[in-house]
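Asks: Show me how the following folds:
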Amino acid sequence: MWYVRGMTELDGRKLGRKTLEEIRIRAVKRVEAGESPEVVIKALGLSRARIYEWIAKYREGGIDALKSRTAPGRAPKLSGPQLQVIYRIVTKDDPRQLKFSFALWTCAMVRELIRQKFEIHLSEVTIGRVLKKLGLTPQRPLWRAYQQDKRLVVSWMALEYPKIEAMAKAAGAAIFWGDESAIRSDYHSGTTWAPKGKTPVVSATGARFKVNMLSAISVRGALHFMVTEKNVTSSAFIDFLERLLHDCDKPVYIIVDRHPVHRSAQVQKYVASTEGRLRIFHLPPYSPELNPDEQVWNHVKNHGIGRMLIKGLSDLKERVAARLESLRSMPEIVRNFFLHPDIRYCSMFANL
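Replies: All right, here's what the predicted structure looks like:
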C-alpha cells in the first residue's frame, strides 16, 4: 500500500486507475528527462519508492507497461524498494566500502550484493537486465590516485583558484596552465575495420624513441608549446618559460603540477629574476584532472600521432610539432578543453 503525501486519508488502492497511470507516467517521464529519481519522489510526494519499479517497467515495455492492468506471469523477485537500494548503492558507493575486494561494480558483484542483502539468488544475465532497466550501463571509470586529498581539491576550486584570478586581474596578468608529456614511437591508438576474427597488422618501425612536449594554454584558447628530444630538466623548463614570456605582452601566471622540476631552486631563482613578470602556482597533489593542459596531450596522442606511421626520430618530432601548430591555429578547440566537467572551475570566472 502506498499513498500521496498530503492525502493520507486516501489509500493508494482507492485512487482511480487513471490517476495512478498519470502519476506513474509523469514520474517516469521526469526521470527520463534527466531528473534524479529521488528528486522526483520528493516532488510528487510519494511515500514509497515505487518509482524504481516503474522505471524498470517503462524501459522494458514503454508507456503501455505503466498503464493499469493485471500483470501477466510471475511477480518480479525484486520489489521497488529493493531496486531503489540497488540503484543507490551502485551509483553512490564504492564496493570496497562494503568490504568487497574489487573496486568495480560488475554483474557478479551486484549479484553477490543482492544475495547478501536480500537473500535472493539471480543469474548474472538477469542482473545485467535489471541494471539496464534501471538506466545503468557498463562504463570505463576514471581513475584517481588514492593519495589525492579531496579537501585540498575542493579548496583549490572554491578558494585558491579564485584568489589567483583576482590577483591576475589586479596585475593585468594572463593565466596559463602548463604541463609536459612524452610520446614514444611505439604509441598507438584507434581501431581499424577488418574481417571478424582476423586481427589486422600495421607495419611500423621497431625502433623505440621519444620526444618531450611542453605546452601552456589559456581560457581564451591561446596555446604555446615547445618540442624537444632532451629530457625535461629545470633548464628545459626555464627555456620554455622564457619563450612564453617573450611571446606574451603582459605578466604571466602559470599553473602547473608539483613535479620536482617545477619547484626546483633553479626555477625559483629564474622566477625571481623576472621581477614579477612571471609567477608559478601549483595544483593540489595527485590531481592531474584539474589541469586543462592534460587535454592537449589527449588531442595530440589519441587523435593525431597515435594513428600515424612514424619512420624515425626526426619524423616523430616534426609530426608532433605540426600537430601542436595545427592545434594552436584552432583556439576554439583549445577553449573547448575548458568545458570538461573536471575543468569547468577555471572558466567560471574567466576574464583574461
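Asks: can we go C-alpha only for contacts and neighbour counts from here?
Replies: Noted.
Asks: Please, where are all the helices along this protein?
Replies: Here the chain has its helices, by DSSP state H, at 17-32, 37-44, 51-61, 80-92, 107-118, 124-133, 150-155, 161-171, 234-247, 265-273, 294-302, 313-328, 331-337.
Asks: Out of those helices, the one nearest residue 212 is which?
Replies: Residue 212 lies closest to helix 313-328 among the helices of the chain, at 8.8 Å (Cα to Cα).
Asks: quick check: mean pLDDT across the closest one?
Replies: Average pLDDT, helix 313-328: 90.
Asks: Ok, stretch 103-110 next?
Replies: 85.
Asks: buried ones in it?
Replies: 105, 106, 107, 109, 110 (16 or more other Cα atoms under 10 Å).
Asks: ok, now which ones touch the last one?
Replies: The neighbourhood of residue 110, defined by Cα atoms under 8 Å, 6 or more residues apart in numbering, consists of 90, 127.
Asks: if we can go back for a sec, let me know which of the helices of the chain is tucked in deepest.
Replies: helix 51-61 (a mean of 20; mean count of other Cα atoms under 10 Å).
Asks: lowest average confidence, helix or strand, in the protein?
Replies: Least confident helix or strand of the chain, by mean pLDDT, DSSP states H and E, is helix 37-44 with a mean of 78.
Asks: returning to what we had before: which of the helices of the chain sits closest to residue 179?
Replies: Nearest to residue 179 among these is helix 294-302; the distance by Cα to Cα comes to 7.1 Å.
Asks: who touches the strand ranked longest in the chain?
Replies: Secondary structure of the chain per DSSP state E: the longest strand is strand 174-184. With contact meaning Cα under 8 Å, 6+ apart, strand 174-184 is reached by 165, 168, 208-219, 232, 250-257, 291-294, 297, 301, 352.
Asks: Let's see that with 6 Å instead.
Replies: Applying Cα atoms under 6 Å, 6 or more residues apart in numbering, the external contacts of strand 174-184 come out as 209-218, 252-256, 293, 352.
Asks: what separates the least confident helix or strand of the chain from the chain centre, distance-wise?
Replies: Relative to the mean C-alpha coordinate of its chain, helix 37-44 is positioned 26 Å out (Cα atoms, centre = their mean, to the nearest Å).
Asks: Likewise for stretch 100-116?
Replies: Centroid separation for stretch 100-116 versus its chain: 23 Å, with Cα atoms, centre = their mean.
Asks: okay, how far is it across that stretch, tip to tip?
Replies: Criterion Cα to Cα, to the nearest Å; first-to-last residue distance in stretch 100-116 is 12 Å.
Asks: hmm, back to that, in ChimeraX, how would I select just the buried ones from the contacts of strand 174-184?
Replies: Here is the ChimeraX command that picks out the buried ones among the contacts of strand 174-184, judged by 16+ other Cα under 10 Å:
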select :210,211,212,213,214,215,216,217,218,252,253,254,255,256,293
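Asks: Residue ranges in the protein under the pLDDT threshold?
Replies: For the chain, applying pLDDT under 70 flags the ranges 1-16, 45-49, 68-75, 101, 140-148, 187-194, 196-207, 306-309, 347-352.
Asks: Quickly list the domain ranges of it.
Replies: Domain ranges of the chain: 12-133, 150-192+206-346, per automatic domain parsing.
Asks: quick one: which of these is nearest residue 139?
Replies: Judged by Cα to Cα, the one of the domains of the chain that comes nearest to residue 139 is domain 12-133, at 10.1 Å.
Asks: what's the spacing between that closest one and its chain's center?
Replies: Counting by Cα atoms, centre = their mean, domain 12-133 is centred 26 Å from the centre of its parent chain.
Asks: Report the contact partners of residue 343.
Replies: Neighbours of residue 343 in contact, by Cα under 6 Å, 6+ apart: residue 290.
Asks: next one: phi and psi at it?
Replies: Dihedral pair for residue 343: phi -120, psi 0, per degrees, to the nearest 10.
Asks: hang on, the earlier thing: output the buried residues of stretch 103-110 in a markdown table, with distance to residue 53 appended to each entry.
Replies: Shown next, in a markdown table, are the buried residues of stretch 103-110 (distance: Cα to Cα, whole Å):
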| residue | distance to residue 53 |
| --- | --- |
| 105 | 21 |
| 106 | 21 |
| 107 | 19 |
| 109 | 21 |
| 110 | 18 |
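Asks: for those residues, which one is nearest residue 132?
Replies: Distance to residue 132 across the buried residues of stretch 103-110 (Cα to Cα) is lowest for residue 107, with 11.0 Å.
Asks: Identify the bridge partners of residue 223.
Replies: Residue 223 forms beta bridges with residue 217, as assigned by DSSP bridges.
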